[in-house]
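Visitor: Structure for the following, please:
(one chain, ligands or ions: 2)
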Amino acid sequence: MSNTVRLTMAQALTRFLAAQMTTIDGKEMPIFGGVWAIFGHGNVAGIGEALYQVRDELPTYRAHNEQAMAHAAIAFAKASFRQRMMAVTSSVGPGATNMVTAAALAHVNRLPLLLLPGDVFANRIPDPVLQQVESFADGTISANDCFRPVSRYFDRITRPEQIIPALARAMTVLTDPAECGPVTLALCQDVQAEAYDYPESFFDKRVWSLRRPRPDRNELSAAVAALQSAKKPLVIAGGGVIFSQASKELADFVEAAGIPVCETQGGKSSLPDSHPLNMAAVGVTGTSAANRLAQEADLIIAVGTRLQDFTTGSWSLFQNSAKTFIGLNVQTFDAAKHRALPLVADAKEGLLELTAALQGYKAPASWTENAKSGKAEWQKAAAKVTGPTNASLPSDAQVIGAVQRTFGAEATVLHAAGGLPGEMHKLWQAGAPGSYHAEYGFSCMGYEIAGGLGAKMAKPDDEVVVMIGDGSYLMLNSELATSVMLGQRITVVLLDNRGYGCINRLQMGTGGANFNNLLKDSKHEVLPDIDFAAHARSLGAISEKVASIAELETALARAKDNDRTTVIVIDTDPLISTEEGGTWWDVAVPEVSQRSQVTAARKEYEQKLKLQRVGD
Ligand SMILES: Cc1ncc(C[n+]2csc(CCOP(=O)(O)OP(=O)(O)O)c2C)c(N)n1
Ligand SMILES: [Mg+2]
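Guide: Ligands and ions are numbered 1, 2, ... in the order given. Below you'll find the model as predicted:
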């Protein structure tokens with residue numbers, strides 16, 4: 001009989017979490033950077049008491065919105081290359097369902113996140129408890145069932161000993177590079193407080209390390225054979241390159257073979273922007289250099305990418321009918337997409353073995369040179385749109401130029417939704433791997449500020465610059481106050497174009513009337529004139545509104561010396577986006593309409609649909 005210790009389920013859970021470790025750069029540290037918590041009747045007495053017991057080893061952080069807490073946790077994991085993570089606990093009911101969007105975000109982005117919502121009483125005696133969603137047809141359903149489709153592992157803990165296998169499964173999922181995503185353990189309120197004699201071995205320290213599966217021999221031979229006959233090879237670097245920290249191996253591989261690289265939103269900063277073979281962004285928000293190559297490529301090595309529509313131009317970009325894809329991916333689901341030759345492996349290991357097996361292969365010099373001249377051409381076009389200006393309403397691109405000039409490539413820049421992701425993908429000149437932090441899997445408005453806070457907690461020595469539109473800011477800004485409270489200093493650049501600028505442009509592009517996007521085009525009695533600087537100040541941040549790009553640069557330089565979070569607001573033009581580069585994106589246009597502009601847009605749309613490579 002092993003020794004046991006009598007604890008509540010919640011105490012066992014928190015003690016277990018505190019004992020899970022990882023090693024980063026040779027240094028052992030807790031794998032959980034902390035637990036975000038907003039308490040209610042569903043967790044304060046159980047989990048709340050248990051978190052207090054371990055507050056020194058496993059810190060608890062209080063914030064203002066459950067979704068935002070989960071955003072911070074997700075950004076922490078992303079900025080830690082998935083090697084560290086955080087947990088989030090909420091009460092039963094609204095606190096829990098507030099986290100569902102964030103769970104979906106972590107699911108799409110393949111990021112580890114441990115969600116610990118309170119749940120209804122397992123004994124069901126007091127039913128319905130406050131905030132209980134009652135199903136007339138199914139006694140086992142609670143609000144937390146919403147998490148099932150957006151969790152990689154879901155469990156409801158209805159007996160205290162169930163936490164033992166549930167946590168074992170949770171850790172396996174959270175630390176698996178292929179399965180990685182949100183885990184939801186719904187904790188019945190009465191069971192949180194119930195005691196059990198847990199084996200002491202359950203709380204033994206455990207050190208987790210990143211698994212790096214190596215390629216299958218047959219898959220490797222097939223990939224090598226395909227590569228050896230390639231005349232126009234191209235690498236797409238996705239988020240998997242960043243998570244695997246495979247930048248050096250990627251550089252070695254492409255330098256040896258003279259293969260140009262392009263990057264997805266998740267994969268941007270795989271190579272520094274300055275690398276001569278880095279054509280930078282690909283797809284709908286891509287550079288002309290990358291997209292020209294993508295159109296012609298006969299062999300595309302897709303490394304660590306989900307190949308979402310923004311990357312493939314809704315599957316219209318890769319126009320060479322003789323092309324082959326190699327899917328180098330740790331997840332089989334992704335590796336075989338679009339009839340790719342799968343090469344299931346960790347990016348770093350896969351690239352190492354490809355490099356070794358390819359000894360002597362070189363892409364035709366004309367292809368590599370063609371790539372480099374395309375890059376030079378793009379850089380000229382990009383410099384033009386990002387350069388200094390006196391315009392009273394600058395473009396997003398001009399604001400990006402100002403941030404780049406003041407913070408350089410060293411800062412970690414973060415964005416998620418609106419017009420910024422497209423402009424940033426095209427124009428930001430990234431530095432070190434991970435310094436470009438885009439949440440563009442779910443592109444969730446409101447990720448930005450809480451995400452900036454989480455990224456800063458993961459990288460305390462880095463300058464974290466959050467780029468955000470007025471729409472995203474208004475949706476979820478409350479963790480500005482938390483960043484001040486926790487002394488986690490971030491710089492927020494708020495681009496106020498008075499509405500949902502990018503959707504307004506999309507509406508115009510699909511023939512729609514200007515309707516319900518910009519504030520001025522929306523039903524109103526009073527046109528809002530929101531003082532964002534005053535709002536940010538009221539939450540404790542240092543803030544100012546600037547009137548020009550020159551003032552923005554001075555304010556940004558000052559922000560570096562500020563002792564707390566700074567918000568800088570600038571008015572921008574809602575109608576301008578960068579014309580250069582890019583490719584088609586499939587947004588369905590109505591087949592019939594009273595508006596002639598819609599009918600015309602439909603005609604054009606039908607032409608574009610012909611470019612889609614159905615079944616390819
Ligand atoms: C939670 C959420 N709701 C809706 C959308 C759809 N959407 C994408 S961008 C956008 C407008 C964003 O406005 P703003 O932050 O001001 O950026 P702008 O488009 O003006 O650059 C909307 C509504 C979304 N991505 N996320
Ligand atoms: Mg806006």
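
Visitor: Look up how far ligand 1 lies from the closest residue to Asp470 other than its chain neighbours.
Guide: Distances taken as CB to CB, 6 or more residues apart in numbering put Asp496 closest to Asp470, at 4.4 Å, once the chain neighbours are dropped. Every residue, glycine included, has its C-beta placed from N, CA and C. From Asp496 across to ligand 1, the span is 8 Å (CB to the nearest ligand atom, to the nearest Å).

Visitor: What's the separation between Asp496 and Lys426?
Guide: Distance, Asp496 to Lys426, using CB to CB, to the nearest Å: 21 Å.

Visitor: The two - which one has more neighbours?
Guide: Set side by side, Asp496 and Lys426 show more neighbours around Lys426, with 27 against 20, by other CB atoms under 10 Å.

Visitor: Up against ligand 1, what does this protein have?
Guide: Contact residues, the chain versus ligand 1 (CB under 6 Å from any ligand atom): 417-420, 443-446, 469-472, 497, 500-503.

Visitor: What sits closest to Glu255 if chain neighbours are left out?
Guide: Glu255 sits nearest to Leu277 (CB to CB, 6+ apart), 6.9 Å away.

Visitor: residue contacts, the one you found?
Guide: Counting by CB atoms under 8 Å, 6 or more residues apart in numbering, Leu277 touches 254-255, 258-261, 271, 368, 371-372.

Visitor: In CSV, list those along with pLDDT.
Guide: As requested, the contacts of Leu277 are exported to CSV (pLDDT from 0 to 100):
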residue, pLDDT
Val254, 98
Glu255, 98
Gly258, 98
Ile259, 98
Pro260, 98
Val261, 98
Leu271, 98
Thr368, 97
Ala371, 98
Lys372, 97
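
Visitor: CA atoms only for the one helix or strand Gln11 maps to - export them in CSV, please.
Guide: Per DSSP states H and E: Gln11 is located in helix 9-18. This file holds the C-alpha atoms of helix 9-18, laid out as CSV (Å, rounded to 0.1, in the frame of the first residue of the first chain):
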residue,chain,number,x,y,z
MET,A,9,-10.4,17.1,-5.1
ALA,A,10,-9.5,20.8,-5.6
GLN,A,11,-6.5,20.6,-3.3
ALA,A,12,-5.3,17.5,-5.1
LEU,A,13,-5.7,19.3,-8.4
THR,A,14,-3.8,22.4,-7.5
ARG,A,15,-1.0,20.4,-5.7
PHE,A,16,-0.7,18.3,-8.8
LEU,A,17,-0.5,21.3,-11.2
ALA,A,18,2.2,22.9,-9.0
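
Visitor: who does that helix touch, helix- and strand-wise?
Guide: With contacts defined as 3 or more CB pairs under 8 Å, 6 or more residues apart in numbering; DSSP states H and E, helix 9-18 has these neighbours: strand 32-37, helix 49-53, helix 163-174, strand 182-188, helix 189-192, strand 195-199.

Visitor: Comparing those, which comes out most buried?
Guide: Among the helices and strands packed on helix 9-18, strand 182-188 has the highest mean neighbour count (mean count of other CB atoms under 10 Å), at a mean of 28.

Visitor: Quick check: which helices or strands does that one pack against?
Guide: Contact partners of strand 182-188 among helices and strands, from 3+ CB pairs under 8 Å, 6+ apart: helix 9-18, helix 100-109, strand 113-119, strand 153-157, helix 163-174.

Visitor: Give the rounded mean pLDDT of the fourth one.
Guide: Per-residue pLDDT values over strand 153-157 give a mean of 98.

Visitor: Next: the longest one.
Guide: Helix 163-174 shows a mean pLDDT of 98.

Visitor: how far does it sit from the chain's center?
Guide: Distance, stretch centre to chain centre, for helix 163-174: 24 Å (CA atoms, centre = their mean, to the nearest Å).

Visitor: Contacts for it, please.
Guide: In contact with helix 163-174 (CB under 8 Å, 6+ apart) are residues 9, 12-13, 16-17, 20, 85, 112, 114, 152-153, 155, 157, 179-181, 183, 185, 198, 202, 206, 208.

Visitor: Just the buried ones from the residues you listed, in ChimeraX syntax?
Guide: Buried residues within those, by 16 or more other CB atoms under 10 Å, are selected in ChimeraX with:
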select :9,12,13,16,17,20,85,112,114,152,153,155,157,179,180,181,183,185,198,202,208
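
Visitor: Could you list the low-pLDDT ranges of the chain?
Guide: For the chain, the stretches with pLDDT under 70 are 1.

Visitor: Write out the residues of it neighbouring ligand 2.
Guide: Applying CB under 5 Å from the ion, one finds that the chain approaches ligand 2 through 469-471, 497, 501.

Visitor: in what helix or strand does Trp315 lie?
Guide: Using DSSP H and E, Trp315 falls within no helix or strand.

Visitor: Tell me who's in contact with it.
Guide: By CB under 8 Å, 6+ apart, the contact list for Trp315 reads 309, 338, 612-614, 616.

Visitor: cool, Gln612 as well?
Guide: Counted by CB under 8 Å, 6+ apart, Gln612 has contacts 314-316, 586.

Visitor: now Leu271
Guide: Contacts of Leu271 by CB under 8 Å, 6+ apart are 237, 247, 250-251, 261, 263, 277-278.

Visitor: Met279 versus that one, what's the distance?
Guide: Leu271 is 10 Å from Met279, by CB to CB.

Visitor: So which residues make contact with the longest helix along the chain?
Guide: What stands out as the longest helix in the chain, according to DSSP state H, is helix 365-386. Outside helix 365-386, the residues that touch it by CB under 8 Å, 6+ apart are 231-233, 258-260, 276-280, 287-289, 292-293, 395, 397-398, 400-401, 404, 426-427, 578, 580-581.

Visitor: gap between that helix and the chain center?
Guide: Distance, centroid of helix 365-386 to centroid of chain: 28 Å (CA atoms, centre = their mean).

Visitor: Now do the buried residues in it.
Guide: Applying 16+ other CB under 10 Å to helix 365-386 flags 367-368, 370-371, 374-375, 378-379, 381-382, 385-386 as buried.

Visitor: Straight-line length of stretch 430-438, end to end?
Guide: End-to-end span of stretch 430-438 (CA to CA, to the nearest Å): 12 Å.

Visitor: Could you provide the residues of the chain next to ligand 2 in a markdown table, with additional columns for secondary structure, distance to Asp462 and neighbour count?
Guide: Output for the residues of the chain next to ligand 2, formatted as a markdown table (DSSP: H, G, I helix; E, B strand; the rest coil; distance: CB to CB, whole Å; neighbours: other CB atoms under 10 Å):
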| residue | secondary structure | distance to Asp462 | neighbour count |
| --- | --- | --- | --- |
| Gly469 | strand | 23 | 27 |
| Asp470 | helix | 26 | 24 |
| Gly471 | helix | 27 | 23 |
| Asn497 | coil | 28 | 25 |
| Gly501 | helix | 29 | 26 |
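
Visitor: Dump the residues you listed into a markdown table; add distance to Tyr436 as well.
Guide: Output for those, formatted as a markdown table (distance: CB to CB, whole Å):
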| residue | distance to Tyr436 |
| --- | --- |
| Gly469 | 18 |
| Asp470 | 23 |
| Gly471 | 22 |
| Asn497 | 23 |
| Gly501 | 22 |
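
Visitor: Check what contacts the strand or helix carrying Leu351 and list those residues.
Guide: Applying DSSP H and E as the criterion places Leu351 in helix 347-357. Outside helix 347-357, the residues that touch it by CB under 8 Å, 6+ apart are 212-215, 220-221, 223-224, 227, 240-241, 243-246, 249-250, 252-253, 256, 301, 303-304, 328, 330, 343, 345.
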